[in-house]
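Student: I'd like to go over a predicted model; first the sequence, then the structure.
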Amino acid sequence: MTQARIALFALLAIGCTTASGGGGGGGAAPTPPPAQAQTRIWPVLTRSHVDLWLHGYAMLLRDTSTVPVFRKGYRDRIQAAKNERSLTTLLDANRERLQSRLTLSGSLFNGQFAPLYFASFDQMRQVIDLFLRAEGNPAATNDPVLRQFFAVLASSFAAPADREWLRIFTESLEDERRQFYQQYWTSEHEGRLGYVRRVDSLWQNLYRPRLQGYLNNTRQENGEMILALTLGGEGRTVNFGARQNAVATTMPDADPLEAVYVFVHEIVSSVVGTAVNDNTTPNEQRSGLSSRYVTTGTVRAGAMLLRRTAPELVAGYTRYYLTQAGQSTTGDINARLVTVFPLPQPIVDAIDRQLEVVLGGI
């Protein structure tokens with residue numbers, strides 16, 4: 001699901017230069033390795049630091065949503081793998097402390113989106129260190145790029161207790177990475193290279209061209225599709241601008257089209273948000289009902305978009321999200337999708353109109 005943030009231009013491609021000013025933010029800021037020139041629109045990539053960060057959250061959170069953020073059984077499989085090696089890392093040692101703060105601070109949940117703004121885990125650690133020394137104050141540096149990085153972190157880690165959580169979490173992830181996760185990720189990634197290539201081929205040669213008009217007209221002209229080992233049916237998206245976006249989708253286990261399904265689910269979020277806001281009351285928005293409509297509406301809108309752009313994918317998309325929700329995929333799956341992901345008809349109609357307008361190029 002999308003996390004709306006401040007506009008950050010080319011943050012995945014440029015590094016921080018020099019930080020200056022008060023509040024502990026002075027000194028040399030990190031410079032990440034030069035990014036490769038992007039030769040294709042919406043390339044399919046993998047990012048180990050995105051998986052590592054989300055892995056940390058997956059090991060801490062109880063995922064009870066209808067469409068799970070993380071792969072089903074992910075934490076149990078990882079814990080079993082660590083137990084086989086008799087491994088205990090700082091992430092294990094600090095689990096209760098980290099979980100306790102997560103239940104108290106809703107903003108920490110949105111920290112899941114942070115790695116999508118960075119090029120590597122080393123870059124993240126360096127920026128986080130400067131952010132913590134600056135006591136979370138974006139104004140503590142005169143460097144405009146570093147200030148934007150600080151603003152991203154401050155949106156999720158504003159309170160002193162949340163910044164302390166960030167410090168412990170980052171240290172725990174570094175130990176987890178060193179003792180276990182980097183080797184695990186490399187092995188899993190190598191075993192899925194065939195799927196990565198197949199996703200890339202299907203995406204670039206067939207389905208991206210069909211969706212490019214929609215992407216252009218929703219200010220999502222370009223970006224990166226990141227295949228993440230950790231994610232289930234709820235992807236993770238940040239929008240920097242029309243040509244700087246990142247969508248983290250599931251890494252397919254068997255069917256490469258699963259990544260396309262999650263990508264489609266993610267890119268309809270803005271359309272759904274508008275439709276829900278226009279058709280709910282302030283009370284419904286304050287109560288959280290509108291947020292639930294966005295969650296179910298995004299699943300429904302993905303199918304609606306595919307009916308217009310790639311109708312042969314609708315059945316597979318529908319089965320995928322019913323499976324994610326733990327539902328049967330036999331019988332009338334279209335009717336079951338409506339039942340499992342209910343939505344008031346005015347919102348359905350509004351989404352339909354919005355898609356018509358966007359695809360019409362107006």
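Tutor: It's in. Numbering: from 1, shown residues only.
Student: now do the contacts for Cys185.
Tutor: Careful, residue 185 is Trp; it's not Cys. Ser48, Asp51, Leu52, Leu229 (Cβ atoms under 8 Å, 6 or more residues apart in numbering). (Each C-beta comes from the backbone N, C-alpha and C, glycine too.)
Student: now the residues you listed: which count as buried?
Tutor: The neighbour-count test (16 or more other Cβ atoms under 10 Å) applied to those identifies Ser48, Asp51, Leu52, Leu229 as buried.
Student: buried residues in stretch 128-146?
Tutor: Along stretch 128-146, the positions that meet the burial threshold by neighbour count (16+ other Cβ under 10 Å) are 128, 130-132, 134, 136-138, 140-141, 143, 145-146.
Student: stretch 199-207 too?
Tutor: Of the residues in stretch 199-207, those with enough neighbours to count as buried (16+ other Cβ under 10 Å) are Val199, Asp200, Leu202, Trp203, Gln204, Tyr207.
Student: for Tyr117, see how far away Ile128 is.
Tutor: 12 Å (Cβ to Cβ, to the nearest Å).
Student: what's the helix or strand hosting Ala335 packed up against?
Tutor: Secondary-structure assignment from DSSP states H and E places Ala335 in helix 333-340. With contacts defined as 3 or more Cβ pairs under 8 Å, 6 or more residues apart in numbering; DSSP states H and E, the secondary structure elements packing on helix 333-340 are helix 289-309, helix 314-324.
Student: inside helices: which ones of the buried ones among the contacts of Trp185?
Tutor: Within those, residues falling in helices by DSSP state H are Ser48, Asp51, Leu52.
Student: how near is Gln244 to Ala325?
Tutor: 32 Å.
Student: between the two, who's got more neighbours?
Tutor: Set side by side, Gln244 and Ala325 show more neighbours around Gln244, with 20 against 17, by other Cβ atoms under 10 Å.
Student: can you list phi and psi of the more buried one for me?
Tutor: As for Gln244, its main-chain torsions (degrees, to the nearest 10) stand at phi -130, psi 90.
Student: repeat that for the one 5 residues further on.
Tutor: Dihedral angles phi and psi of Thr249 (degrees, to the nearest 10) take the values phi -120, psi 180.
Student: just the element for the closest residue to it other than its chain neighbours, please.
Tutor: When the adjacent residues along the chain are set aside, Thr249 lies closest to Val262, with 3.9 Å between them (Cβ to Cβ, 6 or more residues apart in numbering). Val262 is located in helix 257-267, with elements delineated by DSSP H and E.
Student: using PDB, write down the CA coordinates of that helix.
Tutor: These are the backbone C-alpha positions of helix 257-267, laid out as PDB (Å, rounded to 0.1, in the frame of the first residue of the first chain):
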ATOM      1  CA  LEU A 257       2.700 -12.900 -12.600                       C
ATOM      2  CA  GLU A 258       2.200 -12.600  -8.800                       C
ATOM      3  CA  ALA A 259       4.600  -9.700  -8.900                       C
ATOM      4  CA  VAL A 260       2.500  -8.000 -11.600                       C
ATOM      5  CA  TYR A 261      -0.700  -8.600  -9.600                       C
ATOM      6  CA  VAL A 262       0.800  -6.800  -6.500                       C
ATOM      7  CA  PHE A 263       2.200  -4.000  -8.600                       C
ATOM      8  CA  VAL A 264      -1.300  -3.400 -10.100                       C
ATOM      9  CA  HIS A 265      -2.800  -3.500  -6.600                       C
ATOM     10  CA  GLU A 266      -0.300  -0.800  -5.500                       C
ATOM     11  CA  ILE A 267      -0.600   1.700  -8.400                       C
END
